[in-house]
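Colleague: Could you work out the structure for the sequence below:
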Amino acid sequence: MSPASRIKSYSDVKAEILRRIAAKVWAVGDPIPNEEDLAREFQCARTTVNRALRELAEAGIVERKRRAGTRVAEAPAQDMRFKIPLVEDEVAAIPACYRYRRLIRETLSDEAIAHTMKLAPDAPLLHICALHYGDDAPFQIEERWINLSAIPQAREESFQDISANAWLVREVPLSRLDTQLYASAASAEIAKRLAIKAQSPILVIERTTWRADQALTHAKLSYRGDHKISATSA
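Modeller: Now for the predicted structure:
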């Protein structure tokens, strides 16, 4: 039976790639065929292959880099299993039509954020602020600071067409995350962006991601007060 005859979903693609890695068809450090070639071989959509590779990258099994392609990770790490949710998946689960808009992209130093990330006060940070929509209604404000010393390739990304959330999930493995959830009152600026009244209740998630002892990013995610979070543990 050919691999293509077994492929019915992204999980089948993922299983076949894992099988080949385990069988040393692709050894550690070897390049993996590109998405287009795999989609042709498996007779499936390229988006199906993309999702399979994305999840393997999140698990630390493969490494994905722009221009360099996808390779079997040198040392697939047991601790690189954190699944950072993609905002577009959250919106799709509503269900609603997803849309993204970048508001701010700037390089700066921020002493308070640097302190949270345990960096030097003048550490260079890339600050991205963006709005995620569901059916053209504001869904989430993503405000994110990226440690450019740890992720220098972020300098080359405009984040005009892809969110920092999606780009980081695709490009950057991590080994730890710290998360805080709390209720707050919307400032005038946040209220305007979320299309609610100032001082309305909002839900805030703050998340710092790490690789070993090095902080990679800090994110502040703001939602309307009626937002619900679902979590599943295996």
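
Colleague: Quick check, pLDDT for residue 95.
Modeller: On pLDDT, residue 95 comes in at 92.

Colleague: With residue 229 instead?
Modeller: Taking residue 229 on its own, its pLDDT is 70.

Colleague: From residue 204, how far off is it?
Modeller: 12 Å (Cβ to Cβ, to the nearest Å). Just so you know, the C-beta spots here come from the backbone N, C-alpha and C atoms, and that holds for glycine as well.

Colleague: go on, residue 136?
Modeller: From residue 136 to residue 204 the distance is 23 Å (Cβ to Cβ).

Colleague: now do residue 56
Modeller: The value you get for residue 56 to residue 204, if Cβ to Cβ is used, is 31 Å.

Colleague: More neighbours: these two, which one.
Modeller: Legend: neighbour count by other Cβ atoms under 10 Å for residue 56 and residue 204, higher for residue 56 (23 against 16).

Colleague: Please name the bridge partners of the closest residue to the more buried one other than its chain neighbours.
Modeller: Nearest non-adjacent residue to residue 56, counting by Cβ to Cβ, 6 or more residues apart in numbering: residue 62, 4.7 Å away. Residue 62 has the following beta-bridge partners by DSSP bridges: residue 72.

Colleague: tell me the contacts of residue 62?
Modeller: Taking Cβ atoms under 8 Å, 6 or more residues apart in numbering, we find residue 62 in contact with 17, 32, 53, 56, 70, 71, 72, 73.

Colleague: now do residue 109
Modeller: So residue 109 contacts 121, 122, 123, 124, 125 (Cβ under 8 Å, 6+ apart).

Colleague: The last one and residue 106 touch, don't they?
Modeller: No. The pair residue 125 / residue 106 is not scored as a contact, 9.1 Å apart, by Cβ atoms under 8 Å.

Colleague: Lowest average confidence across helices and strands of this structure, where is it?
Modeller: helix 3-6 (a mean of 66; mean pLDDT, DSSP states H and E).

Colleague: Would you tell me what the next helix or strand after it is?
Modeller: Toward the C-terminus, helix 3-6 is succeeded by helix 10-22 as the next helix or strand (DSSP states H and E).

Colleague: how distant is that next one from the center of its chain?
Modeller: The chain centroid and the centroid of helix 10-22 are separated by 21 Å, computed with Cα atoms, centre = their mean, to the nearest Å.

Colleague: again with stretch 209-222
Modeller: For stretch 209-222, the distance to the chain centre is 12 Å (Cα atoms, centre = their mean).

Colleague: what mean pLDDT would you report for that stretch?
Modeller: Averaged over stretch 209-222, pLDDT sits at 91.

Colleague: What are the buried residues along that stretch?
Modeller: Neighbour counts over stretch 209-222 (16 or more other Cβ atoms under 10 Å) mark 209, 210, 211, 214, 215, 216, 217, 218, 219, 220, 221, 222 as buried.

Colleague: So which residues make contact with it?
Modeller: 84, 113, 116-119, 140-147, 150-151, 164-165, 168, 172-178, 184, 186, 190, 194, 202-208.

Colleague: Which members of those occur in strands, if any?
Modeller: Those of those mapping onto strands are 140-147, 176-178, 184, 202-208, per DSSP state E.

Colleague: Give me the buried entries from the residues you listed.
Modeller: By 16+ other Cβ under 10 Å, these give 140-147, 202-208 as buried.

Colleague: residues touching residue 128, list them.
Modeller: Residue 128 touches 102, 104, 105, 142, 143, 144, 145, 146, 159, 164, counting by Cβ under 8 Å, 6+ apart.

Colleague: Domain parsing of this protein, as residue ranges.
Modeller: 3-72, 87-224 (automatic domain parsing).
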